[in-house]
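J.: this one's sequence-less:
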Ligand SMILES: [Zn+2]
């Protein structure tokens, strides 16, 4: 059986002298792992197209118990990321998120679009890294079955209040009147940060990245989406830990 798909290499591992085991975020087949023979050899056409963060057109042969990359043609390599260690570490975090959240052998088009867009904007430097981080974290969670309830206060159903609190453990928001600060860890959200969270969860994909926020609201947003992500996963992904170490 043959699969032809565009995909991003979200993990790569050297096998023996010259082969690679690559983990691919595909368009229609979820995340798959495939062998790329001779891909470590610089003379081989697969060398660049199967490296980490490469976006390529793949032809993959499905053998008895494993996938084998037959050919891979490079479409984009997000070149600017290679020279910026902070951006590169955020890009690797996006890849790890896809690895953790995307199911195998399933339609994965929106996940691929999120990763491609986030890597593109990150590489171009045209969007704030915290905006890209928040969009990638929250939208991926939302489409993975962890859509939080951000429509109104869970207590009184009000839409907005002086302050609203996002509570990761219940995946919902509470207004100031309904929320007892001592009852559960929470993040205080300004109206701007809450509006951005609603936008990320509910808007059509085409408008997903079309918003901006002042720096302080972006920090609230990023804190809220990150705390929700670690609540859902039950741990801090190592690539997130590393990004935070070098970004601060
Ligand atoms: Zn309320």
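T.: The structure has been received and is ready for your questions. Note that the structure is predicted; figures quoted are calculated from it, not measured. Residues are numbered from 1 along each chain as shown.
J.: any idea how far residue 150 is from residue 159?
T.: For residue 159, the distance to residue 150 equals 10 Å [CB to CB, to the nearest Å]. All C-beta atoms are positioned from the backbone trio N, CA, C, and that covers glycine.
J.: Same drill for these two, tell me which one is more crowded.
T.: Higher neighbour count among residue 159 and residue 150: residue 150, with 21 against 12, using other CB atoms under 10 Å.
J.: and the nearest residue to the more buried one once chain neighbours are set aside, how many residues sit next to it?
T.: Spatially, and ignoring its direct neighbours in sequence, residue 150 is nearest to residue 198 (5.0 Å; CB to CB, 6 or more residues apart in numbering). Look at residue 198: counted by other CB under 10 Å, it has 15 neighbours.
J.: Please tell me how far residue 198 sits from residue 57.
T.: Applying CB to CB, the value for residue 198 to residue 57 is 36 Å.
J.: Over to residue 34?
T.: In terms of CB to CB, residue 34 sits 14 Å off from residue 57.
J.: higher neighbour count, these two?
T.: For the pair residue 34 and residue 57, the greater number of neighbours falls to residue 34 (25 against 14), based on other CB under 10 Å.
J.: who are the neighbours in contact with the more buried one?
T.: By CB atoms under 8 Å, 6 or more residues apart in numbering, residue 34 lies in contact with 21, 22, 24, 58, 60, 66, 67, 68, 69.
J.: so which strand or helix has the residue of the chain most remote from its centre?
T.: The centre of the chain is farthest from one residue, residue 177, which by CA atoms, centre = their mean lies 34.0 Å away. Per DSSP states H and E, residue 177 falls between elements, in no helix or strand.
J.: so it touches residue 164, yeah?
T.: No. Taking contacts as CB atoms under 8 Å, residue 177 lies outside contact range of residue 164: 10.6 Å.
J.: Show me the chain divided up by domain.
T.: Domain assignment for the chain by automatic domain parsing gives 2-76, 83-148+180-247.
J.: now for the biggest strand by length in the chain, which elements pack on it?
T.: Ranked by residue count under DSSP state E, the longest strand found in the chain is strand 2-15. Judged by 3 or more CB pairs under 8 Å, 6 or more residues apart in numbering; DSSP states H and E, the packing partners of strand 2-15 are strand 19-26, strand 31-36, strand 55-62, strand 67-76, helix 85-101, helix 109-124.
J.: Of all those, which one is nearest the ion?
T.: Of all the helices and strands packed on strand 2-15, helix 85-101 sits nearest to the ion, with 30.7 Å by CB to the ion.
J.: Could I get the buried residue list for that closest one?
T.: Residues of helix 85-101 classed as buried: 87-98, 101 (neighbour count, 16 or more other CB atoms under 10 Å).
J.: Reformat the residues you listed as a markdown table; add pLDDT and distance to residue 128.
T.: Output for the buried residues of helix 85-101, formatted as a markdown table (pLDDT from 0 to 100; distance: CB to CB, whole Å):
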| residue | pLDDT | distance to residue 128 |
| --- | --- | --- |
| 87 | 96 | 12 |
| 88 | 96 | 17 |
| 89 | 97 | 16 |
| 90 | 98 | 11 |
| 91 | 98 | 15 |
| 92 | 97 | 18 |
| 93 | 98 | 15 |
| 94 | 98 | 15 |
| 95 | 97 | 20 |
| 96 | 97 | 21 |
| 97 | 97 | 18 |
| 98 | 96 | 21 |
| 101 | 95 | 23 |
